[in-house]
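A.B. asks: Got a sequence here, can you build the structure:
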Amino acid sequence: DLNGNSNTCAQQIFLERADISQTVFPATVVSDCNNPNTNPSDTGVPMINGSNIGGFCQLMFVPNDLDTLTTCGGGYKIIREWIVIDWCTSDLIKQNQIIEVKDNTPPVIICPADITYNTTGNACSGNFSLSPPSVTDDCSNFTITTDFNFPSVGNIYTNVPIGTHTVTYTATDDCGNASSCNYNVTVKDNTSPIAVCDNPTKVSIGSNGFAKVFAITFDDGSTDNCGIDTILVRRMDNPNFSNCVFFDCNDLGDTVMVVLQVIDECGNTNECMVEAIVEDKIPPMIICPSDKTIECISLNNFSSGGPIVSDNCGIIDTLFFMDDSTSFNTCNST
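C.D. replies: Numbering: from 1, shown residues only. A predicted model of the protein is given here:
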């Protein structure tokens, strides 16, 4: 201390040899088959109290790979025998470690982009083959299944109706790992209908002087592969389509051009032209005056009255009398 006084003590440190029975062998190891490392530095070595026992206290271990068993895909199992020896006592213990290299990763699958196909010919459906997915796997072979519930001939799917349908691809590797992807296939009707006109079409003016003619009157069997939704019509002098057109007495004697428009269920259109021949088949109406009895002395001085006449399109011919002369007896009567 500061005054020069001192004292000492002694500590004894005893080195106790490790007991081979305290060995903890490495546990089973599962490693992915993608770039596996089966070296003991990665899969483990025998330990005592958390320390590697190799080379100290006259203890040592020896690894001995007994067998390698092939499993699924590119996987395998190694049976590694560990031998621990105490050179001081010649004691020896053994234990096996299983090291499994396994394919635990599902395949990587990428579906094609969504695609649209047109209907085929005169059918309201499509025929086409599906584009395959892109698939990779780290160490196994794989199979691809397709979920698309329509009939197929070889790799051609037939009679797929219009609309959007989902295709599901599933890739499964040899070890049972699976992954899926989806994409949409759309079948669209881009085929215009076949417009057939009833040419020419005769139109009769009604009693009111007009004729209202619905579009279907001008149709003569228009068809479409997916069905007709609407039939419209317009006169050439009118830019707007409607479900009917009108005619009047001013159209008499003229051939009026009419456009028929056919629209299918998918909005495709087609047109044809019709000659509308406007006719008036209603005869004029005439009502004669009522019968009269007169005195013979008034024969030369009376009016019989005129008839009442009307027509849906007007009287254009001259109103005339038939010969109304007659013979009288000696009493000037008839």
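A.B. asks: For beta bridges, what are the partners of Trp82?
C.D. replies: Pro63, Gln95 (DSSP bridges).
A.B. asks: Val258 versus that one, what's the distance?
C.D. replies: Applying Cβ to Cβ, to the nearest Å, the value for Trp82 to Val258 is 99 Å. Using the backbone N, CA and C atoms, a C-beta is placed for each residue, glycine as well.
A.B. asks: between the two, who's got more neighbours?
C.D. replies: When Trp82 is set against Val258 and neighbours are counted by other Cβ atoms under 10 Å, the residue ahead is Val258, at 26 against 20.
A.B. asks: Check which helix or strand that one maps to.
C.D. replies: Val258 belongs to strand 255-264 when assigned by DSSP states H and E.
A.B. asks: My guess is Phe210 contacts Phe247. True?
C.D. replies: Yes. If you go by Cβ atoms under 8 Å, Phe210 and Phe247 touch, sitting 6.9 Å apart.
A.B. asks: Counting neighbours, go ahead and name the busier of those two.
C.D. replies: When neighbours are counted by other Cβ under 10 Å, Phe210 and Phe247 differ, and Phe247 comes out ahead with 23 against 13.
A.B. asks: which SS state does the more buried one fall under?
C.D. replies: Of the three states, Phe247 takes strand under DSSP: H, G, I helix; E, B strand; the rest coil.
A.B. asks: and the residue lying closest to it once chain neighbours are set aside, what is it in contact with?
C.D. replies: Nearest residue to Phe247 in three dimensions, chain neighbours excluded: Ala211, at 4.3 Å (Cβ to Cβ, 6 or more residues apart in numbering). The neighbourhood of Ala211, defined by Cβ atoms under 8 Å, 6 or more residues apart in numbering, consists of Val203, Ser204, Ile205, Phe246, Phe247, Asp248, Val278.
A.B. asks: per-residue pLDDT, Ala211?
C.D. replies: The model reports Ala211 with a pLDDT of 93.
A.B. asks: quick one: low-confidence ranges for the stretch 151-300 of the chain?
C.D. replies: 297-300 (pLDDT under 70).
A.B. asks: Quick check: beta-bridge partners of Glu271?
C.D. replies: Gln261.
A.B. asks: one step back: quick check, distance from the strand holding Val258 to the centre of its chain.
C.D. replies: With Cα atoms, centre = their mean, to the nearest Å as the basis, strand 255-264 stands 33 Å off its chain's centre.
A.B. asks: Likewise for stretch 82-89?
C.D. replies: 72 Å.
A.B. asks: buried stuff in it?
C.D. replies: Under the neighbour-count criterion of 16 or more other Cβ atoms under 10 Å, stretch 82-89 has Trp82, Val84, Ile85, Asp86 buried.
A.B. asks: Make CSV from those residues and add secondary structure and pLDDT to it.
C.D. replies: Listed next are the buried residues of stretch 82-89 as CSV, based on DSSP: H, G, I helix; E, B strand; the rest coil; pLDDT from 0 to 100:
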residue, secondary structure, pLDDT
Trp82, strand, 95
Val84, strand, 93
Ile85, strand, 92
Asp86, strand, 90
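A.B. asks: Now render these as CSV, adding distance to Asp311.
C.D. replies: Shown next, in CSV, are those (distance: Cβ to Cβ, whole Å):
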residue, distance to Asp311
Trp82, 121
Val84, 127
Ile85, 132
Asp86, 135
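A.B. asks: And those residues, which is closest to Asp189?
C.D. replies: Among those, Trp82 lies closest to Asp189 (Cβ to Cβ), at 72.3 Å.
A.B. asks: What helices and strands are in contact with the helix or strand hosting Thr170?
C.D. replies: According to DSSP H and E, Thr170 maps onto strand 163-173. When contacts are defined as 3 or more Cβ pairs under 8 Å, 6 or more residues apart in numbering; DSSP states H and E, strand 163-173 packs onto strand 108-110, strand 142-147, strand 178-188.
A.B. asks: so can I have JSON lines of these showing mean neighbour count and distance to Asn34?
C.D. replies: Listed next are the helices and strands packed on strand 163-173 as JSON lines, based on neighbours: other Cβ atoms under 10 Å; distance: least, Cβ to Cβ, whole Å:
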{"stretch": "strand 108-110", "mean neighbour count": "15", "distance to Asn34": "12"}
{"stretch": "strand 142-147", "mean neighbour count": "14", "distance to Asn34": "14"}
{"stretch": "strand 178-188", "mean neighbour count": "16", "distance to Asn34": "15"}
